[in-house]
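Asker: with the sequence up front, the predicted model follows.
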Amino acid sequence: MVHSVWSLWALIGVSVVLGATGPEETETPPRALPGSWNAAALLPWHQAMLVGGYLEHGQRDAKWDAAATNALSRFAAARAGTLTADVADYWAVTNFTSQALRLGCQDPLIRYLHWRRGGAPLPGTTNILAIADDLAATSYDPLLKCYGYYRAFDVLYPKWGNTNQVPPEARRVRQAAFANLYETLAKPGLPGDEFLDLVEPMCDLLWHTNLVTQYWPKIEEAITNRYLGTAEAQYLLGDKYVDFAWQARGSGWADSVTDEGWRLFGERLQRGESALRQAWDLKPTLAQVPYRMIWVCLGRSHPRSEMELWFRRGQQRSAGWYKLYWAKAEYLMPKWHGSEREVIEFGQQCLTDTNAVKRARLMIVDIHEALEGYYRKNDPKTGKRSTKVDLTYYRRPAVWRDIRAAFEVFFKEAPEASGWHHNFALHAWRAQDWKTLNQEIPLLGEVNFKYFGGQAEYERMIAEAKDHSGP
């Protein structure tokens, strides 16, 4: 058993945004290799759910039926993967929903689809909660109602997503979403990708133990009774039990973990690993299984060879996915199963690794930031790890060489990622590389002062750069 401490956010695989203006780091990989699902076979299911649902349960009228069914048919094709993702195809859906709405259609599913695809504001399309409530009052499939309430909760109450202390209205919306989820899972036949698209984000709301106790048992029962033979269901079970394992352990030092916490940690990780391996046996194309297995390897102290096996499998199915690379880096950290030398070598390899594209190119930057935080001493006033950055770490020549090289490679490959010049400038200031800092300042664009510690700190950095700008 590893006796160490780390942020619970990192342990469950949530990447921390280092630069407030940098590119998105939370993108997910394709769940399966292109071509590993039969889009043509999925299309009839989506057509039946959407077009068939409207024809049977919708608010129909000859004036707008053609526009409504065209919109739903196009969206069904997009969901099945048979529709190209270019701009014309994307906006064709809202062109048809707009036609239907302007002809007087107020069907909740058409209104929801118009809102979901970002159509221009039209009567009845701007209030997602009202749309969800109207959809719930129809005879449409509970899957569609679940999506309506989930989107409403996600948009209206995002800050409440990870806590049970929510306003009554938010609690009502969440309960309605789960009630429709239970009804959806009570019947078999949900295709694998749709199963994950629906159930996985709903389970992400189950952060606190009281929410798990309230909602998870019925989900697990439904999965066990009707979907256990599918790879997607096994992946979801494995994914959530890995989450629940770290939840039981907590995020404190090892000596703060209770005996019960260690027991649940071990049991749940073992259960999660078993489900993930079954998912892989059933469908060795699910891209997120290798990523989650690396965290299992970390928590269960599996040898590096096992971790590397899953990392290679992940690379083959989600090239350049940042979170996959960060999971390996975390495993190699000196507080877990590696050393400073091993994790730095891995970060350096990402500069030339042909799979480590985009954000993964900056892995060595994140590694040095993590090591700097790990090596900080305790604050004598608080007795806790200091929150003050140790600038002497960043001024080591070898550290700055790594960081500068990473940004140079990154910007060569992604010159459009202008927000990351904030990060490069801050690191140049920390390293006191005035030449690089003065080159970066004109590239900052609109300045996010908060990232630099406030406007006063930013202006101090600018003043120091000017003082060292030379004749």
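Answerer: Looks like it came in fine.
Asker: does residue 187 count as helix, strand or coil?
Answerer: coil (DSSP: H, G, I helix; E, B strand; the rest coil).
Asker: quick one, what contacts it?
Answerer: residue 226 (Cβ atoms under 8 Å, 6 or more residues apart in numbering). For the C-beta atoms, the positions are set from N, CA and C on the backbone; glycine is no exception.
Asker: look up phi and psi at it.
Answerer: With angles defined as degrees, to the nearest 10, residue 187 sits at phi -120, psi 140.
Asker: if I look at it, how far off is residue 224?
Answerer: Distance, residue 187 to residue 224, by Cβ to Cβ, to the nearest Å: 15 Å.
Asker: now residue 468. Nearest residue, chain neighbours left out?
Answerer: residue 434 (3.6 Å; Cβ to Cβ, 6 or more residues apart in numbering).
Asker: roughly how far apart are that neighbour and residue 440?
Answerer: Distance from residue 434 to residue 440, by Cβ to Cβ: 11 Å.
Asker: find residues that contact each of the two.
Answerer: With Cβ under 8 Å, 6+ apart as the test, residue 434 and residue 440 both reach residue 428.
Asker: between the two, who's got more neighbours?
Answerer: residue 440 (21 against 17; other Cβ atoms under 10 Å).
Asker: wasn't the more buried one part of a strand?
Answerer: No: assigned with three-state DSSP, residue 440 falls outside any strand and is helix.
Asker: what about the closest residue in space to it that isn't next to it in sequence, neighbour count?
Answerer: Once flanking residues are discounted, residue 440 sits nearest to residue 425: 4.0 Å by Cβ to Cβ, 6+ apart. Residue 425: 26 surrounding residues under other Cβ under 10 Å.
Asker: do the same with residue 382
Answerer: 9.
Asker: and the closest residue to residue 51 other than its chain neighbours, helix, strand or coil?
Answerer: Among residues not flanking residue 51 along the chain, residue 72 sits closest, at 4.8 Å (Cβ to Cβ, 6+ apart). What three-state DSSP gives for residue 72 is helix.
Asker: surely residue 72 meets residue 113?
Answerer: Yes: in this structure residue 72 lies within contact range of residue 113 using Cβ atoms under 8 Å: 7.0 Å.
Asker: can you list the low-confidence ranges for the stretch 351-471 of the chain?
Answerer: 471 (pLDDT under 70).
Asker: worst-scoring helix or strand of the chain, pLDDT-wise?
Answerer: helix 8-11 (a mean of 31; mean pLDDT, DSSP states H and E).
Asker: beyond that helix, next helix or strand please.
Answerer: helix 39-47 (DSSP states H and E).
Asker: next, the buried residues of stretch 277-289.
Answerer: Within stretch 277-289, the residues scored as buried using 16 or more other Cβ atoms under 10 Å are 278-280, 282-289.
Asker: tabulate these in CSV, adding columns for secondary structure, distance to residue 333 and pLDDT.
Answerer: Shown next, in CSV, are the buried residues of stretch 277-289 (DSSP: H, G, I helix; E, B strand; the rest coil; distance: Cβ to Cβ, whole Å; pLDDT from 0 to 100):
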residue, secondary structure, distance to residue 333, pLDDT
278, helix, 29, 97
279, helix, 27, 97
280, helix, 25, 97
282, helix, 32, 95
283, coil, 31, 94
284, coil, 28, 94
285, coil, 29, 90
286, coil, 26, 90
287, coil, 24, 87
288, helix, 22, 92
289, helix, 22, 96
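Asker: which of the residues you listed lies closest to residue 348?
Answerer: residue 287 (25.3 Å; Cβ to Cβ).
Asker: and that closest one, its phi and psi?
Answerer: phi -70, psi -20.
Asker: residue contacts, residue 156?
Answerer: Contacts for residue 156 (Cβ under 8 Å, 6+ apart) come out as 128-129, 170, 173.
Asker: cool, residue 404 as well?
Answerer: Residue 404 is in contact with 427-428, 431, 433, 436, counting by Cβ under 8 Å, 6+ apart.
Asker: okay, the residues you listed in a markdown table with distance to residue 214, neighbour count and secondary structure next?
Answerer: Output for these, formatted as a markdown table (distance: Cβ to Cβ, whole Å; neighbours: other Cβ atoms under 10 Å; DSSP: H, G, I helix; E, B strand; the rest coil):
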| residue | distance to residue 214 | neighbour count | secondary structure |
| --- | --- | --- | --- |
| 427 | 44 | 23 | helix |
| 428 | 49 | 25 | helix |
| 431 | 50 | 20 | helix |
| 433 | 53 | 18 | coil |
| 436 | 52 | 20 | helix |
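Asker: quick one: which of these is nearest residue 395?
Answerer: residue 431 (5.6 Å).
Asker: quick one: the closest one and residue 395 touch, right?
Answerer: Yes: counting by Cβ under 8 Å, residue 431 touches residue 395, with 5.6 Å between them.
Asker: which stretches of the stretch 301-450 of the chain form helices?
Answerer: Listed in chain order, the helices of the stretch 301-450 of the chain (DSSP state H, counting those that start in this stretch) span 304-317, 322-332, 340-349, 363-375, 391-394, 397-413, 421-431, 434-440.
Asker: got the end-to-end distance for stretch 337-357?
Answerer: 25 Å (Cα to Cα, to the nearest Å).
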